[in-house]
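Q: Predicted structure and sequence below. I'll ask about it afterward.
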Amino acid sequence: MGAAGIHQLDSSHAKAQLSLARQKLAHGETLYIAGLGLPGTHNSGVALVEVTQATGPRLILNNEEERFSGNKHTSEFPQGSLRAMAASLRARGLDVTDIFAWVTSWDYPTLAGTIFRTVLEELPQSLKLMRTLEATGFDGRRLDQMTRTSKIVARQFGLAAPVPLIALPHHDNHAWFSYAASPFADDGEPVAIAVLDGTGDLGSVSLYVAQGGAMRRLYCNENMFDSLGAFYSVISSTQGGWTWLSSEGRYMGAAAWGDMNRASNPYYARLREVLQFEPNGEVKLNRALANWHCDPFQNPYKRALIDILGEPLKPEQLWNPDAVLRVEDIKHRPDTQDRLDKAAATQLVFEDAMIHVVDHLLRQTGAQRLVLTGGVALNALGNMRLLEHFDEAWFANNQGRKARLHLWVPPVPGDAGVTIGAAWLFAHLAGAPRGAPLTHAFYCGEPPARAEIETALAADDVASQQVGEVSTQQGCAEIADLMAFMVANDGVIALYQGAAETGPRALGHRSILANPCDPDAREKLNERVKYREAIRPLAPMATLEGARQYFELEDGASDSDYNAYNYMVLTAHSKPGARDKIPAVIHADGTGRLQIVREADDPLTYAYLKSLGRRIGVEMSVNTSFNVAGPIAQTPQQAIDTLRRSKGLDAVLLVAGDGAVHAAWHGGARDSGRFTGWLAEWKAGRAAPDQSRSGR
């Protein structure tokens, strides 16, 4: 790896770079650090971070390659992400040569060693792992490209020499950034950090404590398959009928339709035996039942687990309509409720495991604040369960004080965020302060130029016109009210503005919006707009006032004005009567995966919610990602392509970097007339009060 230009943290190159970084920062210089997700590991991409001694790291962008390539969770070389980063540098009067250090999201030498150690530990059955290229932490088919990354980057940018890469530990990257970006103050009290993952470069569970400006690792399980993430991925895929990285969120949604009672669920008690709950918070895979440590795709179950769950779906069955779990089939397929109960049992066992790990961590550290990160932290329902479990009674019994758990999860806890983490960790090791807490996630790419939007709109099958601008307060209010008017009339619109969200959730910059009071909104969006399964809930986007009106916000998520609810990584219980008023955003179990919008971070979406409140009586909207069976739309061209694929989408509002707003809708024979009718009616309604005032 060293010969390939990939240097570990204890190498002479890394030590020299860190020493030089300390000197430059001490002299008041600004450093630019690039965090790189190499080909071969899923969610490749690049982050660009600016670092000063005065303010610490500041995130400029986190470009996820899937957004530029169109291939979800891609492991390909991040060429598009790098190209876009170079353009961002040029816009700031900088160049790629101004990047001080390139750091990677994985410690690749350690990862390679862990894979070989895992194979040796599980011999002879594990020999199959060597033939399963995509199951062992990285895509072996891209291994050669990964080791040539320093040369490929140099060639892409015309540099004279290969770019040396500093490989930083995967879980350390997760942990430090997630803590540093959290709202938890460095006040001398400990903050517990849990990295729960599919796998890292050393293990799949790592625990830390941060205190006094420093972070210390307490534990790593040093095993790739004693993994909560792998448990959930395998079961959700082989029982739900989807591939890994697509199955987990769907299966979590399906759990709400099953029996979520531990006492009555027919699978829970037996399925719990798949995980062994050891002392000191350890969780291990029961290899008498599970076989995915040896053969994760073709034969992931042993006979004892088949006796519990039935035969697993084979890779060739995944995504087959006859195999995929559909709640719509509950009336005519007798096995559907049974499959939903299995989903519920899986979620319950998973929550037990999370609680087991966190219980020990809180006892060990004496902390009441927890930062949860890693791919497992995308399970928003499990996150809520932690807040419910570690209540005042738990702290009274186990820490002897009046307290309750305070939890924070970053907007990008999965591997798409580790590029940021690597740059953040390098800055920390160079002596920079931790940086400002995160308040939003709008960091993927740059706002689109007006010319880009106009080029994308120059198509025969798309109608469009400029409808206003948002560069002034009045203009922003008018566009927000137009959006609210259409949604109040049960329209379905998309909002495309600014830099895209980093992370898997659309949060108002690449969102499809609809009326939460419309009881048909879920069916309309699933069948005519997104073409997705009914088991997947629609998320509520709200102002803080709107959220408080209809949801029970946890005290343990209240730090920095309930910042934990900003990113759709935490569910909340709805209040009595909420389903009657906002049925579109209340899931089968009475919860909502909530997002609170702040005026300072997203003035247009905030103004839309306020205007919607005046029109429908609720400062809340349906929010789902602006995509159809692929990554979230990144470019204006992708936005228009998504409109073409979505027959039920009434209009897309595209906001240029200069504030100009264009509306696009289906043209020609596909034009329903809905948008132009609404626009005319909205204009007439605004003109009437003006005429009345002038008459007086």
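A: Happy to help now that I have it. Numbers count the residues shown, from 1 in each chain.

Q: ok, now how distant is residue 505 from residue 7?
A: Noted for residue 505: a distance of 34 Å to residue 7, by CB to CB, to the nearest Å. In this view, the C-beta of every residue, glycine as well, is placed from N, C-alpha and C.

Q: actually residue 242, not the one I wrote
A: Distance, residue 242 to residue 7, by CB to CB: 38 Å.

Q: next one: residue 499
A: Taking CB to CB as the measure, residue 499 and residue 7 are separated by 31 Å.

Q: cool, residue 659 as well?
A: As for residue 659, its distance to residue 7 is 45 Å (criterion: CB to CB).

Q: Looking at the two, which one has more neighbours?
A: residue 7 (23 against 18; other CB atoms under 10 Å).

Q: burial count for residue 310?
A: For residue 310, the neighbour count with other CB under 10 Å is 15.

Q: ugh, typo on my part, it should be residue 403
A: Residue 403: 18 surrounding residues under other CB under 10 Å.

Q: That one touches residue 395, doesn't it?
A: Yes. Using CB atoms under 8 Å, residue 403 makes contact with residue 395 at a distance of 4.3 Å.

Q: Mutual contacts of the two, please.
A: Taking CB atoms under 8 Å, 6 or more residues apart in numbering as the contact criterion, the common neighbours of residue 403 and residue 395 are residue 368.

Q: Going along the chain, name the strands of the stretch 1-150 of the chain.
A: Counting by DSSP state E, counting those that start in this stretch, the stretch 1-150 of the chain has strands at residues 6-8, 31-37, 45-52, 56-64, 101-104.

Q: Provide the contact partners of the shortest one at residue level.
A: The contact list for strand 6-8 (CB under 8 Å, 6+ apart) reads 1-2, 13-14, 104, 107-110, 147, 149-150, 164-167.

Q: Neighbouring strands - and their directions - for that strand?
A: As defined by DSSP bridges, the strand partners of strand 6-8 come to strand 165-167 (parallel).

Q: Hey, what's the angle from whichever helix or strand comes after the partner strand to strand 45-52? Just curious.
A: Using DSSP states H and E, the helix or strand that follows strand 165-167 towards the C-terminus is helix 170-180. With axes from the mean of the first three to the mean of the last three CA atoms, to 10 degrees applied, the angle from helix 170-180 to strand 45-52 works out at 50 degrees.

Q: average pLDDT across helix 170-180?
A: Helix 170-180 shows an average pLDDT of 98 in the prediction.

Q: who does it touch, helix- and strand-wise?
A: Of the remaining helices and strands, those touching helix 170-180 by 3 or more CB pairs under 8 Å, 6 or more residues apart in numbering; DSSP states H and E are strand 191-196, strand 205-211, strand 214-220, strand 369-373, helix 418-429.

Q: between that helix and helix 418-429, how big is the angle?
A: Going by the same axes, to 10 degrees, helix 170-180 makes 80 degrees with helix 418-429.

Q: picking that back up, out of the strands of the stretch 1-150 of the chain, which is closest to residue 425?
A: Set against residue 425 and scored by CB to CB, those come closest in strand 101-104, at 7.6 Å.

Q: Which positions in the closest one come out as buried?
A: Residues of strand 101-104 classed as buried: 101, 102, 103, 104 (neighbour count, 16 or more other CB atoms under 10 Å).

Q: do you know how far residue 564 is from residue 393?
A: With distances taken as CB to CB, residue 564 is found 21 Å from residue 393.

Q: now the helices for the stretch 501-650 of the chain?
A: Here the stretch 501-650 of the chain has its helices, by DSSP state H, counting those that start in this stretch, at 521-524, 544-550, 559-562, 578-581, 603-616, 636-645.

Q: Then the stretch 51-200 of the chain?
A: For the stretch 51-200 of the chain, the helices identified by DSSP H, counting those that start in this stretch occupy 65-69, 79-91, 108-121, 143-147, 149-157, 170-180, in order along the chain.

Q: quick one: low-confidence parts of the stretch 251-400 of the chain?
A: For the stretch 251-400 of the chain, applying pLDDT under 70 flags no range at all.

Q: you'd agree residue 206 is up against residue 215?
A: No. Residue 206 is not in contact with residue 215 according to CB under 8 Å; the separation is 11.0 Å.

Q: so how far is residue 164 from residue 355?
A: Counting by CB to CB, the gap between residue 355 and residue 164 amounts to 43 Å.

Q: ok, now residue 218?
A: Where residue 164 is concerned, residue 218 sits at a distance of 31 Å (CB to CB).

Q: Stretch 203-218 spans what distance, first to last residue?
A: For stretch 203-218, the first-to-last residue distance is 13 Å (CA to CA, to the nearest Å).

Q: Identify each buried residue in it, please.
A: With burial defined by 16+ other CB under 10 Å, the residues of stretch 203-218 counted as buried are 203, 204, 205, 206, 207, 208, 209, 210, 211, 215, 217.

Q: Report pLDDT for the first one.
A: On the pLDDT scale, residue 203 is placed at 96.

Q: got a list of what it touches?
A: The contact partners of residue 203, taken as CB under 8 Å, 6+ apart, are 114, 171, 220, 221, 222, 223, 224, 226.
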